[in-house]
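Q: Got a sequence here, can you build the structure:
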Amino acid sequence: MKTRRLVIKLAASISLSVLLVLPTQSFAAEKITVFAAASMKTALDAANVAYTAKSGNQVVVSYAASSALAKQVEAGAPADVFISADLDWMDYLTKKNLIKPDSRKNLLGNRIVLVAPKDKAKPVDIKAGFDLSALVGDGKLAMGAVDSVPAGKYGKAALEKLGAWSAVARKVAGAENVRAAVLLVSRGEAPYGIVYQTDAAADPGVSIVGTFPADSHPAIIYPVAQLTESKSAAATDYLKFLSSVEVSGFFTAQGFTILK
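A: Below you'll find the predicted structure:
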């Protein structure tokens with residue numbers, strides 16, 4: 001009888017051990033570190049919640065200007081995926097062999113707009129020769145830094161094409177990223193700002209008063225790629241998810257266009 005009880009206890013102990021071990025082995029989650037353009041925050045945060053619920057993998061995102069993130073990657077910062085707000089900074093990392101070329105894909109498109117504080121918004125006809133300097137007056141024009149931040153570069157290109165840059169250049173308040181530029185307008189610290197339409201949609205304190213013609217600046221393209229030093233086996237699955245129909249709604253709801 002004692003022997004029978006001992007066998008039963010041993011069997012129960014083994015069964016419990018199996019139950020404790022198997023879920024850990026079957027559902028081992030990975031962490032995926034993503035460096036993404038600041039303008040993606042609202043849409044990408046929502047997409048990542050859906051991805052984690054589906055896969056069990058944790059996505060940790062560092063948002064900043066594409067220029068700053070690319071420089072961090074170059075300096076050796078550990079990350080698995082890079083999403084840039086323009087082609088230039090992805091090309092920069094490509095030339096330095098810091099991305100996996102086969103993983104690179106053009107993911108999203110965007111537009112640049114002129115915004116004003118919500119309570120002071122009046123429509124502006126953005127066309128060749130429009131006097132933005134007069135609109136700004138003694139205030140500042142909020143933009144991403146025009147020498148490095150993609151939104152700032154697109155904005156400067158558009159203003160040059162439309163003949164408005166030289167008059168307004170000295171009034172520009174260059175922000176470290178496009179979200180910071182939106183915030184300057186939302187807080188009333190700048191009467192106008194040039195930002196992505198997706199960032200304008202994310203801040204209830206601003207209104208879009210005009211949209212820049214698509215032919216006034218280079219096409220706005222967000223490429224994505226896995227980084228060369230990435231050791232994450234789940235990164236490939238994550239990239240497929242970002243390009244899936246399943247996730248497209250998170251991006252289009254924010255104003256992005258899906259690139260095929």
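
Q: center of the chain, which residue is that?
A: Taking Cα atoms, centre = their mean, the centroid of the chain lies closest to residue 40, which sits 2.7 Å from it.

Q: Which secondary structure element of the protein has the lowest mean pLDDT?
A: helix 2-26 (a mean of 40; mean pLDDT, DSSP states H and E).

Q: Which secondary structure element is home to residue 29?
A: If you go by DSSP states H and E, residue 29 is not part of any helix or strand.

Q: Please verify my assumption that it contacts residue 59.
A: No - using Cβ atoms under 8 Å, residue 29 makes no contact with residue 59, being 10.6 Å away. C-beta coordinates here come from the backbone N, C-alpha and C atoms, glycine included.

Q: Please say which of these two ends up with more neighbours.
A: residue 59 (23 against 12; other Cβ atoms under 10 Å).

Q: Contacts only, for that one.
A: 31-32, 34, 48, 51-52, 238 (Cβ atoms under 8 Å, 6 or more residues apart in numbering).

Q: can you give me the strands for the protein?
A: Counting by DSSP state E, the chain has these strands, from start to end: 31-37, 58-64, 81-83, 105-109, 112-117, 141-144, 172-175, 192-196, 206-211, 221-226, 257-258.

Q: tilt between the first one and strand 105-109?
A: Between strand 31-37 and strand 105-109, the angle formed by their directions is 50 degrees, by axes from the mean of the first three to the mean of the last three Cα atoms, to 10 degrees.

Q: Can you name every helix or strand that strand 31-37 contacts?
A: helix 41-55, strand 58-64, helix 66-74, strand 81-83, helix 235-242 (3 or more Cβ pairs under 8 Å, 6 or more residues apart in numbering; DSSP states H and E).

Q: and with 7 Å instead?
A: strand 58-64, helix 66-74, strand 81-83 (3 or more Cβ pairs under 7 Å, 6 or more residues apart in numbering; DSSP states H and E).

Q: Also the last one?
A: The criterion is 3+ Cβ pairs under 7 Å, 6+ apart, and the helices and strands that strand 257-258 contacts are strand 105-109, helix 245-254.

Q: ok, it: who's next to it in the sheet?
A: Sheet pairing of strand 257-258 (DSSP bridges) gives strand 105-109 (antiparallel).

Q: Let me see the contact set for residue 230.
A: residue 80 (Cβ atoms under 7 Å, 6 or more residues apart in numbering).

Q: Quick check, pLDDT for it.
A: pLDDT recorded at residue 230 is 96.

Q: residues contacting residue 51?
A: 59, 238, 241.

Q: Setting the sequence-adjacent residues aside, check what's closest to the second one.
A: Looking back up the chat, that one is residue 238. Once flanking residues are discounted, residue 238 sits nearest to residue 32: 5.2 Å by Cβ to Cβ, 6 or more residues apart in numbering.

Q: coming back round to it: local confidence estimate at the residue nearest to the centre of the chain?
A: Value listed for residue 40 in the pLDDT field: 97.

Q: partners of the closest residue in space to it that isn't next to it in sequence in the sheet?
A: Closest residue in space to residue 40, ignoring its immediate chain neighbours: residue 83 at 6.2 Å, by Cβ to Cβ, 6+ apart. Going by DSSP bridges, residue 83 is paired in beta bridges with residue 36, residue 224.

Q: how many other residues sit next to residue 83?
A: 24.

Q: I figured it hits residue 39, correct?
A: No - assessed by Cβ atoms under 7 Å, residue 83 is found out of contact with residue 39, at 9.9 Å.

Q: What separation is there between the closest residue to residue 174 other than its chain neighbours and residue 152?
A: What sits nearest to residue 174 in space, not counting adjacent residues and going by Cβ to Cβ, 6+ apart, is residue 145, at 4.0 Å. Distance from residue 145 to residue 152, counting by Cβ to Cβ, to the nearest Å: 5 Å.
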